[in-house]
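Student: this is a predicted model, with the sequence first.
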Amino acid sequence: MKQLRNAFVPTLRYAVCILLLGLLVSAYSVKAHAELVQSSPAANAVLDAAPAEIRLTFTEPLEASFSQFSLRSTDGSTVNTPPSAIDPDDAYTLVMLPGALPNGVYTVSWRVVSAADGHSTAGSFPFSIGVAIGELTAVSDNLRGEIRAEAVVVRWTYLLYISLTVGGLGFVVMLWLPSSLREQVEVDGALHKTLLGAWVLLGITHVLMLALQTAISADIPLRDTFASGLIERLLTVTRFGQLWIVQLILWAAIGVILLGVPRLGNRRGFYTAAFILGVVFLLFHSLFSHASAADNEGVAVAADWLHLSATSLWFGGLALLVQVIIAARKLPNRTEFLAQLVGLFSNYARVCVVALILTGIYAAWLQVGSIDALLATHYGRALLVKLIMILPLLLIGAVNLVVTHRSLSDGKGVWTGRLQALVSTEIALIGGLIVAVGFMTSTAPARTAFVPDTPAPEPMVETASVDDLDLRLEVLPGVVGENRFSLLVTGADGLPIEDATLIRMRFNHQRQDLGESELRPTHEGAGVYSISGANLSVAGDWRVRVSVQRPNEFDAVTTFNLTIETPSLPETSTPTPNVVGAVILLLVGSLAVAFGGFFIARNWRGLLHIRNLPALSLLILGLVMIAGGAMSAV
């Protein structure tokens, strides 16, 4: 058996390294946070006849079972139409064949769920058939700004127990079982019970995550999900459901190991297998996250996985470290014992800290992109809270690495109590940090959610003189769709004309036969006559014929020529520049390779030992980042 084990363990180590490398490189991609980029008919369009079809195109592929739109009439009721559906040739587009529609104003109301991370977005816009839209304006209401309280709580507890389970297993495999310290204190049973309890709670929160995703996808309260009958649908037809099932299998396999090994004992191979399963569990979590929306999705998912793994190893390791510190209270050589314990923990904790910082820098640039987005969005503010918590964590870690370890090694017993207080503070801070992450994963990334302030549009201004009148026409914003038309009428003496009995504006497109439409502005005072309308319904050159009627005067008639452009959709995300992205990837990747190589060089004889996994992963991620940066720069 010993020979078999000696042959099996090195093989397992090589297999683990190859598996992780393959997972990092092959992490597949889809996008997230589906935003409307094009519609037919366009927002505020005025049509002569009902459209044969209505098409909405989004930035990302959609979950067919939870994405749809409907038509609303002016009283808010839903128009009876065939249901919308995903275009079979384009997963980014929803299509409806509305059939015959009477003249009137309609509102397209849409709600979709991204196939990448399950976040929902919604919005609406009007169009009309045969009539001017009048005072209606386009409405766009994206759900990305909302944060559901239950989503934060569920995601926080889920991440908490992921960290405790996987990080606790990492502590046992990489530090406790290989150490001779475990022979001096009876704590194996307590550590095993902690791991088992964390595993049970992870399973419960995993089910809650399924319920939460169902609630988000169907836009129903969390409490109604289990009675809605939608959970089975979510599991069978969505990408989230497929990944959730794989994670459930991984969770069950970890449980089989923990339940089958009542004590830590010398069953190191079993705990190593459980730890590897936990690491793969984290990878599948990252495959359904904000990282999967990045341009370099494979690199982003790998970085997110390492970031989450480092957090788990730090937090879970600290939780079990406290148990060992408490169990060592009655040891006669407690100070010496704790000095060795702190030294061992610091060996892999410092790797986790470096991995957190480097992957955090990359994620911050990837998901935020600017100081304005950091300060003006829910995601950015949560990230600020996270950063504020990281600073004292780094300070405490530095104190434990330098001062505490040295003081304990010098036999200063007073630091035994201080060590427990410092580690407990670290646990509390990381718990708060995970709350901030719960907020961040419950809303859209700052880069997506941030819409820069834009200056108020300048009106289109045209002037004309006819008879004894001077006319000044302002059109705001001067684009296809809804506009405000203001006509200033003054006499030859410069005084406003207040007694116009009728002003007519007649609109004709000069290149397309759209027919003539008309507006009759009303007096606003000071010689200004105004009205709103969507008469400029198509891009191109328009002729606006204006007639002014006054008592006892001939009608004054003139023509204004306008060139109208299609309004561009508001920028809801800052594009990722290839050059800047390449520089960030190359810089962070080079640092990751340098630090990963440094940590491995310090223990190069045990290169494929499981305790070298964090450093080896950091090194591999650095190489993948450098490769991704080089490809982005091309």
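Tutor: Happy to help now that I have it.

Student: so where do the strands sit in the stretch 501-634 of the chain?
Tutor: Assigned by DSSP state E, counting those that start in this stretch, the strands in the stretch 501-634 of the chain fall at 502-509, 517-519, 522-525, 528-533, 540-549, 556-564.

Student: grab the longest helix from this structure for me.
Tutor: Assignment by DSSP state H gives helix 334-367 as the longest helix of the chain.

Student: got the CA positions of the one helix or strand residue 227 maps to in PDB?
Tutor: Per DSSP states H and E: residue 227 is located in helix 225-228. Extracted C-alpha coordinates of helix 225-228, given in PDB (Å, rounded to 0.1, in the frame of the first residue of the first chain):
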ATOM      1  CA  THR A 225     -39.800  30.800  -6.200                       C
ATOM      2  CA  PHE A 226     -40.300  27.300  -4.800                       C
ATOM      3  CA  ALA A 227     -44.100  27.500  -5.400                       C
ATOM      4  CA  SER A 228     -43.800  29.100  -8.800                       C
END
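
Student: residues contacting it, please?
Tutor: 211, 212, 214, 215, 218, 220, 231 (CB atoms under 8 Å, 6 or more residues apart in numbering). Placement of C-beta: from N, CA and C, glycine included.

Student: buried set for stretch 300-308?
Tutor: For stretch 300-308, a neighbour-count test (16 or more other CB atoms under 10 Å) marks 300, 301, 302, 303, 304, 305, 306, 307, 308 as buried.

Student: and those residues, which is closest to residue 519?
Tutor: Distance ranking of the buried residues of stretch 300-308 against residue 519, using CB to CB, places residue 300 first at 51.0 Å.

Student: surely that closest one and residue 306 touch.
Tutor: No. Look at residue 300 against residue 306 with CB atoms under 8 Å: they stay out of range, at 11.0 Å.

Student: list phi and psi for the residue of the chain most remote from its centre.
Tutor: Distance from the C-alpha centroid of the chain, by CA atoms, centre = their mean, peaks at residue 552 (66.3 Å). The phi/psi pair for residue 552 (degrees, to the nearest 10) reads phi 60, psi 30.

Student: any idea how far it lies from residue 499?
Tutor: Distance, residue 552 to residue 499, using CB to CB, to the nearest Å: 10 Å.

Student: can you check residue 448 too?
Tutor: Taken as CB to CB, the span from residue 448 to residue 499 is 54 Å.

Student: one more: residue 251?
Tutor: As for residue 251, its distance to residue 499 is 81 Å (criterion: CB to CB).

Student: return the set of buried residues in stretch 551-560.
Tutor: Within stretch 551-560, the residues scored as buried using 16+ other CB under 10 Å are 556, 558, 560.

Student: nope, stretch 347-367 is what I was after
Tutor: Using 16+ other CB under 10 Å as the burial criterion, the residues of stretch 347-367 that qualify are 347-360, 362-367.

Student: so what's the gap between it and the chain middle?
Tutor: Relative to the chain's own centre, stretch 347-367 is displaced by 19 Å; criterion: CA atoms, centre = their mean, to the nearest Å.

Student: show me the shaky parts of the stretch 151-300 of the chain.
Tutor: Within the stretch 151-300 of the chain, the ranges that satisfy pLDDT under 70 run 262-266, 293-295.

Student: ranges for the strands of it?
Tutor: Ranges of strands in the stretch 151-300 of the chain, per DSSP E, counting those that start in this stretch: none exist.

Student: residue ranges of the helices in it, please?
Tutor: 188-218, 225-228, 231-237, 239-260, 268-286, 297-327 (DSSP state H, counting those that start in this stretch).

Student: among these, which comes closest to residue 474?
Tutor: Nearest to residue 474 among the helices of the stretch 151-300 of the chain is helix 188-218; the distance by CB to CB comes to 44.5 Å.

Student: can you check the pLDDT for the closest residue to residue 473 other than its chain neighbours?
Tutor: The shortest distance from residue 473 to any non-neighbouring residue, by CB to CB, 6 or more residues apart in numbering, is to residue 462 (4.8 Å). We note a pLDDT of 93 for residue 462 in this prediction.

Student: residue 546 versus residue 462, what's the distance?
Tutor: Here residue 462 is placed at a distance of 10 Å from residue 546 (CB to CB).

Student: of the two, who's got more company?
Tutor: The residue with more neighbours, out of residue 462 and residue 546, is residue 546; 24 against 16, by other CB atoms under 10 Å.

Student: right, and the more buried one touches residue 557 too?
Tutor: Yes. At 7.2 Å, residue 546 and residue 557 qualify as touching, with contact defined as CB under 8 Å.

Student: need the contact list for the closest residue to residue 478 other than its chain neighbours.
Tutor: In space, and not counting its chain neighbours, residue 478 is closest to residue 460: 3.4 Å by CB to CB, 6+ apart. Going by CB under 8 Å, 6+ apart, residue 460 touches 474, 475, 476, 478, 562.

Student: with residue 275 instead?
Tutor: Residues in contact with residue 275 (CB under 8 Å, 6+ apart) are 166, 169, 170, 172, 173, 610.

Student: against residue 258, how distant is the fourth one?
Tutor: Read it as residue 172. Distance of residue 172 to residue 258, computed by CB to CB: 11 Å.

Student: again with the last one
Tutor: Distance check for residue 610 against residue 258: by CB to CB, it reads 18 Å.

Student: residue 213 and residue 239 touch, don't they?
Tutor: No. Between residue 213 and residue 239 there is no contact under CB under 8 Å: 10.6 Å.

Student: these two: which has the busier surroundings?
Tutor: Neighbour totals were compared for residue 213 and residue 239, and residue 213 leads with 26 against 18 (other CB under 10 Å).

Student: helix or strand next in line after the lowest-mean-pLDDT helix or strand in the chain, which one?
Tutor: Every helix and strand in the chain was compared by mean pLDDT, DSSP states H and E; the lowest is helix 2-26, with a mean of 38. As assigned by DSSP H and E, the chain's next helix or strand after helix 2-26 is strand 36-40.

Student: direction included, what does that next one pair up with?
Tutor: Using DSSP bridges, the strands paired with strand 36-40 in its sheet are strand 54-58 (antiparallel).

Student: residue contacts, residue 70?
Tutor: Residues in contact with residue 70, defined by CB under 8 Å, 6+ apart, are 78, 79, 81, 84, 108, 109.

Student: top of those by neighbour count?
Tutor: Within those, most neighbours by other CB under 10 Å means residue 108, with 24 neighbours.

Student: for residue 65, see how far away it is.
Tutor: Distance, residue 108 to residue 65, by CB to CB: 20 Å.

Student: do the same with residue 287
Tutor: Per CB to CB, residue 287 is found 20 Å from residue 65.

Student: the more surrounded of the two?
Tutor: Neighbour comparison, residue 287 and residue 65: the larger count goes to residue 287, with 24 against 17 (by other CB under 10 Å).

Student: quickly list the domain ranges of this protein.
Tutor: Domain ranges of the chain: 2-30+146-450+577-633, 36-144, 460-564, per automatic domain parsing.

Student: the shortest one: how far from the chain's middle?
Tutor: So the one you mean is domain 460-564. Averaging C-alpha positions (CA atoms, centre = their mean) puts domain 460-564 47 Å from its chain's average.

Student: what of the first one?
Tutor: Taking the mean C-alpha point of domain 2-30+146-450+577-633 and that of its whole chain, the gap between them comes to 19 Å (CA atoms, centre = their mean).

Student: same question, the second one
Tutor: Computed by CA atoms, centre = their mean, the separation of domain 36-144 from the middle of its chain amounts to 24 Å.

Student: tell me if I'm right that residue 351 and residue 613 touch.
Tutor: No. If you go by CB under 8 Å, residue 351 and residue 613 don't touch, sitting 9.3 Å apart.
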